[in-house]
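S.K.: Give me coordinates for this.
(chains A and B, ligands or ions: 2)
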Amino acid sequence: MPQNTKASPAFSRRRLLQGMAVLSLSAVCSSLFPAQMAAAQQSAESGFVATSSFLVSRPASPILAERYYSALCRHYADFPTRFAALKGYIATQNFAHVDAFLRAVDATHPLFQTASLIIASWYTGVVGEGAGSELIAYADAMMYLPTKDILVVPTYGGGPDSWGWDPAQKVKEKGEAA
Amino acid sequence: MKQVDADVVIIGSGVMGGLVATELAKAGKSVIIVEAGPRIKRQEIVERFRNSPFKMSLTNMKLQGVGSPYPDLPHVPSTYGEYLQQTGPVKYPTKYLRVVGGTTWHFGSALWRMIPNDFKLQSLYGRGRDWPIDYQELEPWYGRAERELGVSGMDGQDESGHGGEAWPPRSTPFPMTGLEPSYLFKRLSELLGKGGYNPVMEPNGRATRPYGRRPACAGNNNCNPVCPIAAKYDGSMHIDEAERHGATLLDNSVVYKIEADDAGKITGIWYRKPDGSNHHLTANYFVLAAYGIESPKLLLMSTSARYPNGIANGSDQVGRNLMGHTGISMNVMMKEDVWPGQGPTELLVYLNNRDGPFRKDFPSYKIKVRNTVPTADYAASLIKKGVLGSKLDEELKRMSARSLNFAIDFETLPLAENRIVPSKTRQDAIGLPVPEIYYSVTDYWHAGKTQGLLDFDNFARLLNADVSKIDTGYQDRQHIMGTTIMGDDAKNSVVNRHCQSHDHPNLFIAGTSVMPSASCMNPTLTGAALSLRLADYLLKTVKV
Ligand SMILES: Cc1cc2nc3c(=O)[nH]c(=O)nc-3n(C[C@H](O)[C@H](O)[C@H](O)COP(=O)(O)OP(=O)(O)OC[C@H]3O[C@@H](n4cnc5c(N)ncnc54)[C@H](O)[C@@H]3O)c2cc1C
Ligand code: SF4
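M.R.: Ligands and ions are numbered 1, 2, ... in the order given. The predicted structure is shown next:
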């Protein structure tokens, strides 16, 4: 599941992210083409994690961010340029929430399209089109979060007799216990 | 008898081949199972499923076509691709698997008995054909099949759908108690019950307690394409058991010819390996269990000067009478949260029109509730529509909680023109013809559709739900029947009441392809009961 750690101050978080990106890069570099390696490196430096976090309104895992970023670059050659434009725009506007961004930008605008592409990646866990699609995350895909505790991620079942109750009731009980 | 490779050679390692092999091997017979596809490991299929960008689900037939976690190899191309050629007005895109263990690896595992009237369609309703045997004859074998496949179910239900007393009659109880119905099923039973719809819980192949080597169902909601924990029955379990009792399995061995001598005795079979090499096997008896498309294709491919129309085809019925449960579906949006997708992928069905005098005019049908976790389907479509931000989470939750899919399966009749033949124009990578399928439906089916749409209307009203989509596009329900049809008359049927070829007494056919009527129920338990009965006949009467 995406990391649920509390958001730390921006500065130290960025330092941490850069450190992690370098670490995991060296771990996987033998399996990466130079271009992809560069893309992954860019992910850390590009601010993709922070922008993603804003777009999906929750903390975004830096490891997944790196994978999404390089997959997006692989599938859409102009992604770094599009992303830079989006990041630049968001930086100038000081939106309190992604909903404010969505209200400010028309759905047909390239900035909206880029935001949608990034959100779709995090939510569905998949990057690319049609038969060329590529899976980046399964159980960690964010689309499962809104129904968490009620529906399972298929193949990760709740165990025998884990269903049968009124889910509304179940969630309430859980909430009270927590 | 002269030296042969085995007492019995079985073609196909699905549930039917596996059941026959197990029975014969247990009785000490030498058995060779010849299987076209490779062995697979459950964990690898689960991993491939998890890693695939396409999560197939039965609610999304479009995605069904894109991919499958099962192997797609040159010598056994996947039925999810271009392998099956369609030539009829209605498509029959059935998705059987060619791997050790067969298609039940990804079946839904609904395991129903037919009811007595299903065996007498012609004499009671003037439609289709009668069986040469009746329900009573098959009843004990249904019981044995339920124990072999480990069926969980609810004793005492009226499975004829009329809300009456227990039906059909059974001499043995279900081996396991039924699954716990989910909240959705309970709530729907309540609401639809007000309109006179009697809920029936589907007997199925999910264990509800440890059964043999199977754990209890853990609600992984993934019966199609693979149960990650082997709680659900699949054919590989009987192949394992047959091997433990000494049967030999040859994998990656595609049988392409069956040979008979001039007197009609089957003398041997030929199979091809992925490297193109051809091999021969002999036996005293042969059991064909390659399922409803490949079994007739193989018989029709096996032509010779003596048998110009293929093996077992004196009647010209091989490949004909192809039946299925061609269906329709409806999506609705509820105004309350009911949460489909909790627990296993299906359980609740409605059978008010399973049987009655109406079968003179329109076919028997069942209405089922889909219970698959729908998240992936919804997320992609919402985002495409521009729904993002907080609204995306809200809508994902609302749609997951409230969208429902109902599907109807209609009985179809055996029609000579609906048939499968080996293609004359297209071959697979090892030079064998691919199957060519002609399929159509009649006014009888359309009369059923009209009736089913009335039920859909009633459902939406009783549920106070808005209809979001109705699809009457001839949905295929994956149940192949009729293509090696059973009957007493050698002139219009392929096998006799013992599943024995009329033309070749040492050739038997195991599976749903022998069924003379389709009913509206999933056919595997009936095929399994017939296969166990056939194995018993081989041992006790034929004395192999
Ligand atoms: C998606 C799906 C869901 C289903 N759900 C249900 C359900 O809920 N309930 C139900 O009752 N039924 C269901 N079915 C149908 C069920 O799967 C079949 O009835 C059952 O698998 C038939 O068993 P079989 O042994 O005859 O064939 P299979 O299981 O298909 O096994 C046949 C074997 O023969 C092998 N073979 C084929 N040709 C050759 C050859 N030339 N040489 C050697 N080997 C060969 C194949 O590779 C295969 O392994 C479903 C089917 C599908 C596709
Ligand atoms: S619901 Fe899950 S655990 Fe149960 S049988 Fe289906 S796949 Fe297996």
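
S.K.: mind listing what the closest residue to residue B:95 other than its chain neighbours touches?
M.R.: Leaving out its chain neighbours, the residue that sits closest to residue B:95 by Cβ to Cβ, 6 or more residues apart in numbering or on different chains is residue B:79, at 5.0 Å. C-beta coordinates here come from the backbone N, C-alpha and C atoms, glycine included. Contacts for residue B:79 were tallied using Cβ atoms under 8 Å, 6 or more residues apart in numbering or on different chains; they are B:93, B:94, B:95, B:96, B:97, B:98.

S.K.: Report pLDDT for the fifth one.
M.R.: Residue B:97 is assigned a pLDDT of 97 by the prediction.

S.K.: Chain A: helices as residue ranges?
M.R.: A:10-28, A:34-46, A:48-56, A:62-75, A:79-93, A:98-104, A:110-124, A:167-177 (DSSP state H).

S.K.: Could you tell me the least trusted of those helices?
M.R.: helix A:10-28 (a mean of 40).

S.K.: Nearest the geometric middle of chain A, what residue?
M.R.: residue A:122 (3.7 Å; Cα atoms, centre = their mean).

S.K.: ok, now chain B?
M.R.: Most central in chain B (Cα atoms, centre = their mean) works out to residue B:479, at 4.2 Å.

S.K.: Now for the closest residue to ligand 1 within chain A: which residues touch it?
M.R.: Closest to ligand 1 within chain A is residue A:154: 15.0 Å, counting by Cβ to the nearest ligand atom. Residues in contact with residue A:154 (Cβ under 8 Å, 6+ apart) are B:55, B:220, B:221, B:222, B:372, B:373.

S.K.: Just the closest of those residues to residue B:131, please.
M.R.: residue B:372 (34.0 Å; Cβ to Cβ).

S.K.: okay, now that closest one: neighbour count?
M.R.: A count of nearby residues for residue B:372, using other Cβ atoms under 10 Å in any protein chain shown, gives 25.

S.K.: what's the spacing between it and ligand 1?
M.R.: To ligand 1, residue B:372 is 12 Å away according to Cβ to the nearest ligand atom, to the nearest Å.

S.K.: Phi and psi next, for that residue.
M.R.: phi -100, psi 150 (degrees, to the nearest 10).

S.K.: hang on, the earlier thing: which SS state does the residue nearest to the centre of chain B fall under?
M.R.: coil (DSSP: H, G, I helix; E, B strand; the rest coil).

S.K.: and it, what does it touch?
M.R.: Per Cβ under 8 Å, 6+ apart, neighbours of residue B:479: B:323, B:324, B:325, B:409, B:512, B:518, B:522, B:523.

S.K.: Ok, residue B:474 next?
M.R.: Applying Cβ under 8 Å, 6+ apart, the residues near residue B:474 are B:90, B:91, B:326, B:327, B:441.

S.K.: In strands, which of these appear?
M.R.: residue B:327 (DSSP state E).

S.K.: residues contacting residue B:510?
M.R.: So residue B:510 contacts B:10, B:16-17, B:19-20, B:287-289, B:499, B:527, B:530-531, B:534 (Cβ under 8 Å, 6+ apart).
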